[in-house]
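Q: predicted model, plus sequence, below.
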Amino acid sequence: MSNPALSNNPALNGKTLTAEELHRIYDQPAAATNRPGVDAPHETGVDAGQPPVITPSDRPMTYENTISKTVLLFVVVLAFGAIGWYMPGLAFVGAIAGLALGLVNSFKKEPSVPLIVAYAAAQGIFLGGISGVFEGQWPGIVSQAVIGTLAVFGVTLLLFRSGKVRTSPRMTKIVLIAMAGYLVFSLINMVMMLTGLNSDPWGMRGGTLGLIIGGLAVLLAAYSLVMDFELVQNGVQNRVPEKWGWSAAFGLTVTLVWLYLEILRIIAIFRD
């Protein structure tokens, strides 16, 4: 689905905010008033009839501190990925822990740095274990997947910065429907593989069909990156407190992990 860490976050999604949400996001009591000489934050999200009674944060979320938080999370992913690489048996534990922590972080009203870092650690163990197994089967595949992931991320970011790529309500609805269908397909495929109903190592994702599905998944992940970039942009423009940068960093990590796994699977199918 669309990244709930960002799309469900009132501090970043740019939707109309209630007075209560405004005060919670900016860490100010309902009785707060604007300070003289300080502009009110971006007002497009304020309820009609609600005066802007909040002030911008003294330490706002910026692109720089959001990038630093994202880099820190990926350092954690890599560090714990080394553990998973040499102890692939922990991959399943990492996957379950990562799923649980991902859901918790996605629906928390306030960002929790320890839980976000714990998510990165769990995902690192999972990715390290999976990557080690794939590397043993197809030498060089991990470096290829990493390069592919960075390439998609870089191109998407450049197109977004240039203004040539933006989301639209209609396209977003189409993508969300496609993501829901992909999720259902993946769950059915996993059940069929676990129960032995499909003996193919890739289940229904083998061969040409698997490559087509993988390509579509990469496109969906790339569009999700565009949505993530727009949500980060909302937070920066609205000068929300710096802590919300952790939510943005978490959301970007979720999307990039998904993108890496899809590219890894595509290359493996090609080389199988």
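A: Cool, got the structure. Numbering: from 1, shown residues only.

Q: give me the number of residues near residue 164?
A: Residue 164: 8 surrounding residues under other C-beta atoms under 10 Å. Just so you know, the C-beta spots here come from the backbone N, C-alpha and C atoms, and that holds for glycine as well.

Q: over to residue 179?
A: For residue 179, using other C-beta under 10 Å, the count is 17.

Q: correct me, but residue 226 touches residue 166?
A: Yes: the criterion here is C-beta atoms under 8 Å, and residue 226 meets it with residue 166 at 7.1 Å.

Q: more crowded one of these two?
A: residue 226 (20 against 12).

Q: so which helix or strand takes in the more buried one?
A: Secondary structure assigned from DSSP states H and E places residue 226 in helix 207-237.

Q: could you check the helix or strand following that helix and say which residues are buried?
A: Heading C-terminal from helix 207-237, the first helix or strand you meet, by DSSP H and E, is helix 244-271. Within helix 244-271, the residues that count as buried by 16 or more other C-beta atoms under 10 Å are 244-269.

Q: list residues touching both of residue 226 and residue 166?
A: residue 160 (C-beta atoms under 8 Å, 6 or more residues apart in numbering).

Q: and the helix holding residue 226, how far out from the chain's middle?
A: In terms of C-alpha atoms, centre = their mean, to the nearest Å, the centre of helix 207-237 is found 9 Å from the chain centre.

Q: do the same with stretch 245-262
A: In terms of C-alpha atoms, centre = their mean, the centre of stretch 245-262 is set 3 Å apart from its chain centre.

Q: could you shift the numbering so residue one becomes 49, and keep it that way?
A: Okay, residue one is now 49; in that scheme the one you just asked about reads as stretch 293-310.

Q: model confidence over it, on average?
A: The average pLDDT for stretch 293-310 rounds to 93.

Q: could you export that stretch as CSV, CA atoms only?
A: Extracted in CSV, the C-alpha atoms of stretch 293-310 (Å, rounded to 0.1, in the frame of the first residue of the first chain):
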residue,chain,number,x,y,z
GLY,A,293,12.3,13.9,10.0
TRP,A,294,12.6,10.5,11.7
SER,A,295,9.2,9.6,10.3
ALA,A,296,10.3,10.7,6.8
ALA,A,297,13.6,8.7,7.1
PHE,A,298,11.7,5.6,8.2
GLY,A,299,9.3,5.9,5.3
LEU,A,300,12.1,6.2,2.8
THR,A,301,13.8,3.2,4.3
VAL,A,302,10.7,1.1,4.0
THR,A,303,10.4,2.0,0.3
LEU,A,304,14.0,1.4,-0.5
VAL,A,305,14.0,-2.0,1.2
TRP,A,306,11.1,-3.0,-0.9
LEU,A,307,12.8,-1.7,-4.1
TYR,A,308,16.0,-3.6,-3.3
LEU,A,309,14.2,-6.9,-2.7
GLU,A,310,12.3,-6.5,-6.0
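
Q: can you pull out the helices in this structure?
A: Secondary structure of the chain by DSSP state H: the helices cover 52-55, 67-73, 111-134, 139-155, 161-185, 189-210, 217-242, 255-285, 292-319.

Q: contacts for the third one?
A: Read that as helix 111-134. 138-139, 142, 164-165, 168-180, 280, 283-284, 290, 293-294, 296-298, 300-301, 304-305.

Q: if we can go back for a sec, can you tell me which of the helices of the chain the model trusts least?
A: Mean pLDDT per stretch puts helix 52-55 lowest among these, at a mean of 52.

Q: number of residues surrounding residue 177?
A: Burial of residue 177 is recorded as 24 neighbouring residues (other C-beta under 10 Å).

Q: that older thread, check which residues of the helix holding residue 274 are buried.
A: If you call a residue buried by 16+ other C-beta under 10 Å, then helix 255-285 has these buried ones: 258, 261-262, 265-266, 268-280, 282-284.
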